[in-house]
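# Give me a model of this one.
(2 chains)
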Amino acid sequence: GAGVSQTPSNKVTEKGKYVELRCDPISGHTALYWYRQSLGQGPEFLIYFQGTGAADDSGLPNDRFFAVRPEGSVSTLKIQRTERGDSAMYLCASSLSRTSTDTQYFGPGTRLTVL
Amino acid sequence: GDSVTQMEGPVTLSEEAFLTINCTYTATGYPSLFWYVQYPGEGLQLLLKATKADDKGSNKGFEATYRKETTSFHLEKGSVQVSDSAVYFCALSTSGNTPLVFGKGTRLSVIA
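Numbering: from 1, shown residues only, chains lettered A, B, ... in the order given. A predicted model of the protein is given here:
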């Protein structure tokens, strides 16, 4: 079946602009995660959803970052007033449920470049 | 907090050599342990996992054993191939805190 998809694959924007990154999880997966991966580093957790609600947003770096999942499926990560330090690969993952043993399946990522 | 430490790369091996990538962890709970792989130009893929002590995860000739006494989950393969060239990430997830915590990754290059 279809895996996790993310759009766009690449996004180039200017400092101060607003961007939206979209994630389509695997059908039926109730848990959805956003991670950020900087060059040469492992992915770092941003936020995760169980259904429609944000169960843990402790990884969001500041209030410029926000994410929604209004119908419990597609999620959008929103970044306001982008800064050059926001440049990174943004990864989305989904899993069947929220247990720690469940496999998280990752999308291909959106590479964000802030000029 | 929870953390994962893995050996720094890059690691360069000749084809058919033995591979070990060390991974140790610190966790407040009782974690599940994972190895993910990122091939050039592709997304993260689960390679193998283990959810309790002494479990051995295996896939594509790779193995890792969950060692609670040494808090380790080292990745091994007896004979690497050029196609194994990738970045390997060790990760953990603890009960009640399911987001993955990743190590920094180890880049493996296998030369013919």
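
# can you list the residues of chain A near chain B?
By the rule C-beta under 8 Å from any C-beta of the partner chain, the part of chain A lying against chain B is A:31, A:33, A:35, A:40-45, A:48, A:56, A:59, A:91, A:93, A:95, A:98-109. (Each C-beta comes from the backbone N, C-alpha and C, glycine too.)

# Give me the subset of these that lies in strands.
A:Ala31, A:Tyr33, A:Tyr35, A:Glu44, A:Phe45, A:Tyr48, A:Asp56, A:Leu91, A:Ala93, A:Ser95, A:Tyr105, A:Phe106 (DSSP state E).

# what does chain B put close to chain A?
So chain B meets chain A at B:4, B:29, B:31-32, B:34, B:36, B:42-46, B:49, B:51, B:89, B:91, B:93-105 (C-beta under 8 Å from any C-beta).

# List buried residues within these.
Using 16 or more other C-beta atoms under 10 Å in any protein chain shown as the burial test, the residues of chain B next to chain A include B:4, B:31-32, B:34, B:36, B:43-44, B:46, B:49, B:51, B:89, B:91, B:93-94, B:97-105 as buried.

# Is the residue of chain B found nearest chain A bridged to anything, and to what?
Nearest to chain A in chain B, going by C-beta to the nearest C-beta, is B:Phe102, at a distance of 3.2 Å. B:Phe102 forms beta bridges with B:Ala91, as assigned by DSSP bridges.

# Can you find the helix or strand of chain B with the lowest average pLDDT?
Ranking every helix and strand in chain B by mean pLDDT, DSSP states H and E puts strand B:97-102 at the bottom, with a mean of 82.

# Burial check on A:Asn10, number of neighbours?
Residues within reach of A:Asn10, counting by other C-beta atoms under 10 Å in any protein chain shown, total 10.

# If the closest residue to it other than its chain neighbours is in a bridge, with which residues?
Spatial nearest neighbour of A:Asn10, excluding adjacent residues (C-beta to C-beta, 6 or more residues apart in numbering or on different chains): A:Arg111 at 5.0 Å. Listed beta-bridge partners, A:Arg111: A:Asn10, A:Met89 (assigned using DSSP bridges).

# Might you report the residue contacts of A:Arg111?
A:Ser9, A:Asn10, A:Lys11, A:Ala88, A:Met89, A:Tyr90 (C-beta atoms under 8 Å, 6 or more residues apart in numbering or on different chains).

# Contact partners for the closest residue to B:Leu44 other than its chain neighbours?
Counting by C-beta to C-beta, 6+ apart, B:Leu44 lies nearest to A:Phe106, which is 4.0 Å off, once chain neighbours are set aside. Applying C-beta under 8 Å, 6+ apart, we find A:Phe106 in contact with A:Val4, A:Leu91, A:Cys92, A:Ala93, B:Tyr36, B:Gly43, B:Leu44, B:Gln45.

# nearest to B:Thr20, of those residues?
Ranked by distance to B:Thr20 (C-beta to C-beta), those are led by B:Tyr36 at 17.2 Å.

# from memory the closest one sits against B:Lys49, does it?
No - using C-beta atoms under 8 Å as the test, B:Tyr36 is too far from B:Lys49 to be in contact (9.3 Å).

# Please enumerate the shared neighbours of those two.
Counting by C-beta under 8 Å, 6+ apart, nothing touches both B:Tyr36 and B:Lys49.

# pLDDT at the most centrally placed residue in chain A, what is it?
The centroid of chain A falls nearest to A:Trp34 when counting by C-alpha atoms, centre = their mean (3.2 Å). pLDDT, A:Trp34: 97.
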